[in-house]
Every structure is written in structure tokens, then in C-alpha cells.
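Enquirer: Predicted model follows, preceded by the sequence.
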Amino acid sequence: MYLQNFHSIQPPYPKNQGDGLKWLAAIYKAAQKDQAYTEEEYSKLLSRVACSETQIATRRFFLPDSQHTEWDKNQIYPVTQSPRGVSMHHRHEFYHKTVVDLFNKLYDARGFPDDIIHVSCTGYVSPSAAQMVAVRAPKPVTVTHSYHMGCYGAFPALRMASGFLANQEVLGKKKAVDLVHTELCSLHLNPQDPTLEQMVIQSLFADGVIAYSMTPDKPSKGFKVHSLYEELVPETSGAMEWMVSDWGMKMTLSKDVPSMVGQKICDFTHRWLNARGLDPAEISKKALFAVHPGGPKIIDQVVKQMDLKDQQVQASRALLKERGNMSSATLPHLWEKILDDDSIPSGTPIISYAFGPGLTICAGLMEKV
């Protein structure tokens with residue numbers, strides 16, 4: 001199977017990280033009824049624990065609220081009236097309207113496939129935007145929803161697409177499956193919860209939208225998918241959580257997640273590649289590593305434990321700095337970046353990793369065509 005035809009849409013509202021942290025300090029102050037800290041004190045806390053400008057330069061959003069501090073004009077965070085922001089229902093209304101427009105924009109510019117797999121953990125509405133665009137296709141298009149898996153969401157979707165294309169006897173012959181990620185992480189901030197844990201999370205995530213295709217036919221530009229693999233890490237279920245609440249989606253994230261991943265990544269990789277009859281040491285010497293940049297410490301741990309050269313994860317660090325963490329849309333953006341980099345020759349093996357609640361570790365071995 002092959003991946004090709006990558007098409008990302010850049011969110012219209014950029015925020016450099018320094019200004020973003022100032023905005024967070026201001027909205028924390030505005031949302032607190034007990035006025036526990038001054039805005040300057042929130043700024044000091046953010047400068048101590050949040051992702052810094054040296055790690056993330058810019059994040060981009062589909063929501064304009066972060067562009068100003070006139071709180072009464074905010075669509076999701078009118079904190080002087082509603083300190084936690086608007087309800088889950090209203091956040092999903094914004095999500096659905098935005099994502100319907102994005103799907104229309106995507107399929108005004110690309111042909112319809114046999115199947116669309118819609119991947120998201122930041123908005124669920126039925127009928128979905130994917131179904132609403134598919135119904136206007138000139139042929140039947142099957143829509144499958146792949147929701148709520150967080151940052152590793154690309155891998156379950158790739159497994160589904162591979163099965164759809166391979167199983168002709170049951171499903172009929174298909175030529176292409178599109179995978180479309182729509183992540184609007186900016187909708188799920190709670191300004192009334194400025195704990196140190198939430199400061200890390202709220203300074204890390206950004207919005208991202210990207211579509212790409214899996215096909216059985218070799219493209220002129222793309223990736224050949226050699227292997228996909230996934231494991232749950234025992235005794236780590238409390239380390240990360242993505243839970244529906246009455247105001248939005250709430251994330252919890254242990255500061256120990258990078259070290260938990262680091263302790264397992266070597267054994268995981270050896271188990272996976274050895275079972276496929278491949279030599280992990282030999283592949284690691286030649287491969288680029290597309291590490292989901294869940295945060296700078298995750299990349300650091302993979303480099304350290306896998307004994308990699310920093311050049312092998314350069315694309316991951318660059319994407320984190322340019323865009324932040326876009327949840328499930330991050331890794332496809334990384335693949336698009338590698339594909340468009342002419343200094344990376346055809347035949348280069350690409351080992352991809354992503355991580356999420358469970359803890360779940362996912363990996364893929366691909367080759368640049």
C-alpha cells in the first residue's frame with residue numbers, strides 16, 4: 001500500500017508563542033473569580049512550566065479568540081460572562097460549521113475516493129462533515145469515523161484503510177481511501193483551570209487539518225507502507241486521559257509520560273521489527289525518524305534511548321517549532337514535510353512513532369518513493 005496526495009490547510013489565525021503565553025496569562029486572570037494570582041504572577045508560572053518560544057515558535061488556530069483580549073467578543077471564551085467558556089454543545093457547533101467548510105474546500109480541490117476515513121478527537125457530530133461532503137460526490141463514497149484516539153489516531157486509520165483496499169472479496173475493488181484529519185484543539189481550553197499541568201497542555205496544542213490518500217498503486221511521489229504496529233504499555237493507564245466534560249474535552253497528562261515512553265521504546269521497536277524479520281539496528285542507521293512531537297521531551301527520550309543522531313529527528317523538531325502539537329494531524333503533517341523535502345532521497349526508510357492514551361505506542365515503517 002502507498003500514501004500520496006497530501007493536502008493540508010493552514011489555519012488562518014497564527015500566534016507566536018510569546019504572545020500566546022501573554023494571552024493565556026491574561027485570560028487566566030480574567031476567568032478567576034477569586035483573583036488568586038495577578039496576571040504577572042500567571043506569566044511567571046507560564047514562563048517556568050509552559051512550552052517556551054525556543055521549543056514552539058508559532059501555533060495556528062481556526063478560532064480567532066486568541067487574537068485579542070476583548071473577552072465579550074470571544075466566540076468560545078467570553079470569560080467575563082462564562083469563566084470556563086461556552087458549553088460543549090456550542091463548541092461542537094463551531095467545530096461542525098468550521099469542518100464542513102474545510103471538507104468542502106478539500107473536495108473542491110481533489111477527486112472523491114471510494115472511502116473517506118474521518119479522524120478527529122476534538123469534535124463529533126452526526127451526520128459528520130465527511131458524510132455531508134460525500135453525499136454530493138458523483139459516485140457512492142463510504143464514510144468511516146475514527147474518533148477519540150488522540151495523537152496516535154493516524155495509525156488506526158491507516159490499518160482500516162489498508163484493510164478496506166486489501167479485502168476485495170468482501171468489500172469490492174477499491175482504488176483509493178482518503179484519510180482526513182480535522183483537529184481543532186483550540187476549542188478545548190478551560191481558562192478557569194490554570195494548574196501547572198493545564199499550563200503545559202494549553203501552551204502545547206494547536207489546530208491542524210490534512211487529507212491524504214492510501215492506494216494500492218505506486219505513485220510518482222509518496223510513501224510505500226511496509227509495516228504498522230501498536231502496543232498498550234501495562235500499568236500506564238493513569239498517565240494520560242482525554243475525557244468528555246460538560247464544558248469541553250479535558251486532558252490530563254503526567255509529567256512522567258516522556259520517561260515512560262523512553263523506558264519502552266527500544267524493546268517495543270525490537271519486538272516489532274524482529275517479528276517482521278527485520279534488523280532494527282541496521283534500519284535505524286539509515287532511517288529518518290518521524291517522531292510525533294507530543295512535546296520536546298518525547299523527542300529527546302526517543303533520541304537518547306534509540307541512540308539516534310539529532311539529524312534523524314530534525315523534521316520532528318522543526319514541525320513542533322513551526323506548528324506545535326496538532327494531535328492526530330501532526331504526524332501526517334510531518335510526512336508531508338518529509339515528502340516535500342527534496343534533500344531526502346527516494347528509498348529513504350521512515351520510522352514513525354505516535355503516542356496517546358493507554359498509554360498506546362504506535363509505529364510504522366515506510367519508504368519514500
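Expert: Happy to help now that I have it. Quantities reported herein were computed from a predicted structural model and do not represent experimental measurements.
Enquirer: Next, please give the residue ranges for the strands of this structure.
Expert: All strands of the chain, identified by DSSP state E, fall at 2-9, 13-16, 58-61, 115-120, 142-147, 177-184, 207-215, 223-232, 240-244, 249-253, 288-291, 349-356, 360-368.
Enquirer: Dump these to CSV, plus mean pLDDT.
Expert: Shown next, in CSV, are the strands of the chain (pLDDT from 0 to 100):
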stretch, mean pLDDT
strand 2-9, 98
strand 13-16, 97
strand 58-61, 98
strand 115-120, 98
strand 142-147, 98
strand 177-184, 98
strand 207-215, 98
strand 223-232, 97
strand 240-244, 92
strand 249-253, 90
strand 288-291, 97
strand 349-356, 96
strand 360-368, 97
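Enquirer: winner for burial among the ones you listed?
Expert: strand 177-184 (a mean of 28; mean count of other C-beta atoms under 10 Å). C-beta here means a position set from N, CA and C on the backbone, and glycine is covered the same way.
Enquirer: and that one with strand 115-120, angle?
Expert: Between strand 177-184 and strand 115-120, the angle comes out at 20 degrees (axes from the mean of the first three to the mean of the last three C-alpha atoms, to 10 degrees).
Enquirer: returning to that earlier point: among the strands of the chain, which is nearest Gln192?
Expert: Closest to Gln192 of the strands of the chain is strand 249-253 (C-beta to C-beta; 11.7 Å).
Enquirer: What are the contacting residues of that closest one?
Expert: 121-122, 187-188, 190, 197, 200-201, 239-243 (C-beta atoms under 8 Å, 6 or more residues apart in numbering).
Enquirer: Pick out the residue nearest the middle of the protein.
Expert: Ser327 (2.1 Å; C-alpha atoms, centre = their mean).
Enquirer: That residue touches Tyr147, doesn't it?
Expert: No: the criterion here is C-beta atoms under 8 Å, and Ser327 misses it with Tyr147 at 11.6 Å.
Enquirer: what sits in contact with each of the two?
Expert: Going by C-beta under 8 Å, 6+ apart, residues that sit against Ser327 and also against Tyr147 are Cys121.
Enquirer: and the residue nearest to the centre of the chain, what is it in contact with?
Expert: Contact analysis of Ser327 by C-beta under 8 Å, 6+ apart lists Cys121, Thr122, Gly150, Cys151, Gly153, Glu183, Cys185, Phe205, Gly208.
Enquirer: Quick one: neighbours of Trp272, just the number.
Expert: By other C-beta atoms under 10 Å, 21 other residues sit near Trp272.
Enquirer: quick one: contacts for it?
Expert: Residues counted as contacts of Trp272 (C-beta under 8 Å, 6+ apart) are Ser227, Tyr229, Ala363.
Enquirer: swap in Pro293?
Expert: Pro293 sits in contact with Ile299, Ser316, Arg317, Leu319, Leu320, Asn325, Thr330, Leu334, where contact means C-beta under 8 Å, 6+ apart.
Enquirer: What separation do you get for the closest residue to it other than its chain neighbours and Pro14?
Expert: Spatial nearest neighbour of Pro293, chain neighbours left out: Leu320 (3.6 Å); criterion: C-beta to C-beta, 6 or more residues apart in numbering. Counting by C-beta to C-beta, to the nearest Å, the separation of Leu320 from Pro14 is 15 Å.
Enquirer: And for Leu319?
Expert: Taking C-beta to C-beta as the measure, Leu319 falls 15 Å from Pro14.
Enquirer: Please convert the contacts of Pro293 to CSV, extending it with neighbour count.
Expert: As requested, the contacts of Pro293 are exported to CSV (neighbours: other C-beta atoms under 10 Å):
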residue, neighbour count
Ile299, 23
Ser316, 28
Arg317, 17
Leu319, 24
Leu320, 27
Asn325, 25
Thr330, 29
Leu334, 26
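Enquirer: Identify, from these, the entry nearest to His90.
Expert: Closest to His90 out of the contacts of Pro293 is Asn325 (24.3 Å), distances taken as C-beta to C-beta.
Enquirer: is it true that that closest one touches Val291?
Expert: No: counting by C-beta under 8 Å, Asn325 sits too far from Val291 to count as a contact (11.9 Å).
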